[in-house]
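Q: Next come a sequence and a model predicted from it.
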Amino acid sequence: MRATTFFPFLSWLPLLNRETLRVDLVAGIVAGVLILPQAIALATLAGMPPEYGFYTSIFPVIIASLYGSSWHALSGPNTAMCIMMGSVLGFYAGLGTEDYITYAITLSFMVGAIQMVFGVLKLGIIFSYFSHAAMVAIITGVGMIIIVQQVGNFMGQVMNIPEPIEDTFFQIFYLLPRANWYAVLVGSVTVVSGLLVKRYLKGWPHLIICVIVGMIAAKGLELFLGPATVDLYKLGTMSLSPLPFSAPDFSPENFAEAAEGLYTAAFVLAFLGLMQSCVIARAMAIKSGQNVDMNQEVLGQSLSNLGGSFLSCFPSCGSFNRSASNIESGARTPLVGVISAIVLGALVFFATPVIAELPISVMAGVLFLVGAGLIKGKDIRKLVRMHGESRIIFVLCLVATVYGGLDKGVMLGILASIVAYLRSVSRPEIDLFFGEDAEQYVPANLTGPTTVLQVSGSVFFGSTQVLERALTDLAASDHRQRHLVIVAEHLHSLDVAGAETLLQEAVRRGAKGRQLALWLRDHNLDRVLEESGLIKAVGEENFHYTYGGMMMGDIDEFELADVGIERFNKDHQRLFGYIREFYYLSEGFRSRKPSDDEWDRIESIFGHLDHYTITHFKAEEALMESRNYAHLARHREQHAHLVSRLNALKGRIAERDHYYLSGIGRFLFDWLSNHVSIHDVKYKDVLDAQQGLKEG
């Protein structure tokens, strides 16, 4: 077993050189400074003293950075989780009290334990199936709840939180005549300054600037009018510790009273945290090109919450804002998370007296900005305009979150996601092919009229009726007097019930003297096809494979098909040589950065690929055009697709961005094996039949 299994940070430590350390140090300092106001604001939102927001922004961040999979996702206090925690624990203890803090720390341990179960069972993939519409609804609902719940602090008044949304509105109207208008003025200055900086000074830390402006406004009012007149509530002194050891408390006298609520909250928070963390990790991977292991990401999050429960932390997860800022700062490794935690600790140590003077109305203004930032008008408009289940899921989850609470919104989102997924997999996509699209899939051994049907998705016991209905409709039109080719290149899964449906169709067509043939991507479905008797009934000669059953691990044994024209065969072999060299060269860059000599060789290989696409594609298309080749247009499209991808990849290589290299070799091999094995071999027979073309 490899050391990286237990110490995943060993996989990126070799990447640390002087340049990477410089970039990550800058990104870490930026991240540490940016989290300062958020740590205070989110601790307030969670009902915890400010110092616990700092602890949760330091220790879980370090653990998640070292043991997670994503190199760019940063963890810490999360808005939605803070809202959820406050709404649950507020029923069992007063916000910020000793009992409340104990419940929060215990909850962190429970969340981590549940997440560990997901990680050990390797269930990280399930969080990729959570409905996007449900996610947008929950985040939008959280934004609304934050704004409504902070109105009291914004007015300098104390409100009973948590309360149902309608009761919260009643409190707001009741407290409005009693508002401290100096607090409202300070909060308004905070909000307006934050909006102006965000609008006109893009890239500047608007939350930090608006806190500074708000504090200056508050101090100015106190200097001119006196503290007694202004009467602003402030955070006050904090009791900080460099190593704030703690422990979850499951003693009957303390835990029993809140057990029911804690169990429910722990499951919802565990799921909500992993869902957001996995979505963030996936989004960062798309931007960086990194291959992310979702199961490792789940384990990293579980360890951060388990470890955090012994260091006075409340539940945490991945942070959208911090992760996006991290990748925009040019971060390269998870070392940024460790550096940001150290920087934040240093800032808190030196800035404690200043933080104690922070007015509550300023924090309310910051939370207004945080809440407003979660409400994405563009996403909402897009979902509302959509027809079908996405709009319904969005509306239902939004209403459930705002009026029923975050736990109800998450549970409804889980249920809606399951229903939507089952609906999607129970309806495989079935399309008829015509013309050139159909001709390329008709095997040479099938003579006579042939129908080509594409089946994509999953065919299993829950979706066979859709395929049966399509085959029945097809039989009603052709009376099974035609051969049937089923193109299943994009068939993800097939069970015995699905194979039995195909077997019955093969038997019915066979009774009419017609055959059934299948095109598959590879041999992954061979076992179920064999066990169902479909291979025996149809005959092995009627099974065709897009990639000839060859996978990337067999690249050395792969042989290119003979297209019947010697100079083209030599061109293909030369191209395959470049791709094979690039593949093995790039595989080493998963764990290290290329040397200057290796970068030079990569650029040389892409120079050869450039020359190949110009000379070979031009010669091939000219020959096809001179012979009036029927599939010339489709061939040109495929050539253009490769040229377009190569041009995009050259930009990455010019920037010497090695994170993208490992996937390029796979793409090139897939394109070549598919293009030559399926499409190029066809022009040999066609051209021979037209002109008796000889090699050369």
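A: Cool, the structure landed.

Q: elements contacting the helix or strand that contains Val61?
A: Assigned by DSSP states H and E, Val61 belongs to helix 59-67. If you count contacts as 3 or more C-beta pairs under 8 Å, 6 or more residues apart in numbering; DSSP states H and E, helix 59-67 packs onto strand 75-76, helix 294-308, helix 335-356. For glycine as for every other residue, the C-beta is placed from the backbone atoms N, C-alpha and C.

Q: who does the second one touch, helix- and strand-wise?
A: Read that as helix 294-308. Packed against helix 294-308, as judged by 3+ C-beta pairs under 8 Å, 6+ apart, are the following elements: helix 59-67, helix 98-120, helix 259-288.

Q: Equivalent analysis for the shortest one, please.
A: If contacts are counted by 3+ C-beta pairs under 8 Å, 6+ apart, strand 75-76 sits against helix 18-45, helix 59-67.

Q: what's the closest of these to Gln171?
A: helix 18-45 (17.2 Å; C-beta to C-beta).

Q: Which one, of the helices and strands packed on helix 59-67, ends up nearest to Phe255?
A: helix 294-308 (17.3 Å).

Q: where along the chain do the strands fall?
A: 75-76, 317-318, 429-433, 450-459, 483-488, 491-494, 516-520, 543-545 (DSSP state E).

Q: What pLDDT is listed against the closest residue to Ile339 other than its chain neighbours?
A: Excluding its sequence neighbours, the residue lying closest to Ile339 (C-beta to C-beta, 6 or more residues apart in numbering) is Gly28, at 2.6 Å. On pLDDT, Gly28 comes in at 90.

Q: now Gly588
A: Looking at Gly588, the pLDDT reads 61.

Q: again, but for the one 10 residues further on
A: Looking at Glu598, its pLDDT reads 77.

Q: Please work out which of the helices and strands packed on strand 75-76 is packed deepest.
A: Most buried of those, by mean neighbour count (mean count of other C-beta atoms under 10 Å): helix 59-67, with a mean of 25.

Q: And for that helix, what's in contact with it?
A: 8-9, 73-76, 296, 299-301, 303-305, 307-308, 311, 313, 316, 318, 334-338, 340-341 (C-beta atoms under 8 Å, 6 or more residues apart in numbering).

Q: Now do it against helix 18-45, angle only.
A: 140 degrees (axes from the mean of the first three to the mean of the last three C-alpha atoms, to 10 degrees).

Q: Would you mind writing the CA trace of helix 59-67 as CSV?
A: Taking C-alpha atoms only, helix 59-67 is exported to CSV below (Å, rounded to 0.1, in the frame of the first residue of the first chain):
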residue,chain,number,x,y,z
PHE,A,59,-7.5,24.1,12.3
PRO,A,60,-10.1,22.5,9.9
VAL,A,61,-8.5,24.4,7.0
ILE,A,62,-5.1,22.9,7.7
ILE,A,63,-6.4,19.3,8.1
ALA,A,64,-8.6,19.5,4.9
SER,A,65,-5.7,21.0,2.9
LEU,A,66,-3.4,18.1,3.9
TYR,A,67,-5.9,15.3,3.6
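
Q: Now do that helix: distance to the chain's middle.
A: 19 Å (C-alpha atoms, centre = their mean, to the nearest Å).

Q: for stretch 25-41, same thing?
A: That offset, for stretch 25-41, works out to 23 Å (C-alpha atoms, centre = their mean).

Q: same deal with stretch 423-440?
A: Distance of stretch 423-440 from the chain centroid (C-alpha atoms, centre = their mean) equals 28 Å.

Q: what about that stretch, how long is it end to end?
A: Stretch 423-440 has an end-to-end distance of 32 Å (C-alpha to C-alpha, to the nearest Å).

Q: Please spell out which residues along it are buried.
A: Buried residues in stretch 423-440, counting neighbours by 16 or more other C-beta atoms under 10 Å, are found at Val425, Ser426, Pro428, Ile430, Phe433, Ala438, Gln440.

Q: Widest-spaced pair of the residues you listed?
A: Top of the distance list for the buried residues of stretch 423-440 (C-beta to C-beta): Ser426 and Gln440, 29.6 Å.

Q: burial count for the residue lying closest to Gly194 once chain neighbours are set aside?
A: Leaving aside its chain neighbours, Gly194 sits nearest to Cys210 (3.4 Å; criterion: C-beta to C-beta, 6+ apart). By other C-beta atoms under 10 Å, the residues close to Cys210 number 26.

Q: So which bits of stretch 484-493 are buried?
A: Leu484, Val485, Ile486, Val487, Ala488, Glu489, Leu491.

Q: By pLDDT, rank the residues you listed and give me the bottom one.
A: Glu489 (78).

Q: Am I right that that one is in contact with Arg521?
A: Yes. Using C-beta atoms under 8 Å, Glu489 is in contact with Arg521, at 4.7 Å.

Q: Now tell me what touches stretch 27-34 from outside.
A: 74, 205, 207-208, 321-322, 325-326, 329-331, 335-344, 346-347.

Q: quick one on the thing from earlier: for the helices and strands packed on helix 59-67, which one sits closest to Asp680?
A: helix 294-308 (37.6 Å).

Q: so who does the residue sitting nearest the centre point of the chain touch?
A: Nearest to the mean C-alpha position of the chain, by C-alpha atoms, centre = their mean, lies Arg282 at 2.7 Å. Neighbouring residues of Arg282 by C-beta under 8 Å, 6+ apart: Ser128, Val292, Met294.

Q: how about 7 Å then?
A: Ser128, Val292 (C-beta atoms under 7 Å, 6 or more residues apart in numbering).

Q: Spatially nearest residue to Val279 (excluding sequence neighbours)?
A: Met135 (6.8 Å).

Q: just Ser532 next, same as before
A: Ser532's closest residue in space is Ala499 (C-beta to C-beta, 6+ apart), at 3.5 Å.

Q: tell me the pLDDT at that neighbour?
A: Looking at Ala499, its pLDDT stands at 91.

Q: and it, what is it in contact with?
A: For Ala499, the contact set (C-beta under 7 Å, 6+ apart) comprises Val528, Leu529, Ser532, Leu534.

Q: ok, the third one to Gly68 distance?
A: Spatial separation of Ser532 from Gly68 under the definition C-beta to C-beta, to the nearest Å is 42 Å.

Q: Understood, closing this out.
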